[in-house]
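Novice: Got a predicted structure plus its sequence, pasted below:
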Amino acid sequence: MCKVAMSMLRNEKDCEDAMQTAILSAFEKLSTLKHENTSAHGSSADSR
């Protein structure tokens, strides 16, 4: 994510701010994440 932000913003401080905002937003919405059963490989494919 840092490389993408840096390539778009081309400013280290703006990149840091964007990363902090993104991480904080994700953390605040963590409780809304749906929990599904997944296989050992992390996919939620139906095994029918």
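Specialist: Noted; the coordinates are in hand.
Novice: how far is the helix or strand containing residue 25 from where the chain is centred?
Specialist: Element membership for residue 25 (DSSP states H and E) is helix 12-28. What separates the centre of helix 12-28 from the centre of its chain is 11 Å, taken as CA atoms, centre = their mean, to the nearest Å.
Novice: What is that helix packed up against?
Specialist: Other helices and strands packing on helix 12-28, by 3 or more CB pairs under 8 Å, 6 or more residues apart in numbering; DSSP states H and E, are helix 2-9. Where C-beta positions appear, they are placed from N, C-alpha and C, glycine not excepted.
Novice: Check which residues of stretch 7-23 are buried.
Specialist: For stretch 7-23, burial by neighbour count (16 or more other CB atoms under 10 Å) applies to 15, 18, 19.
Novice: Where does pLDDT dip in the chain?
Specialist: Within the chain, the ranges that satisfy pLDDT under 70 run 37-48.
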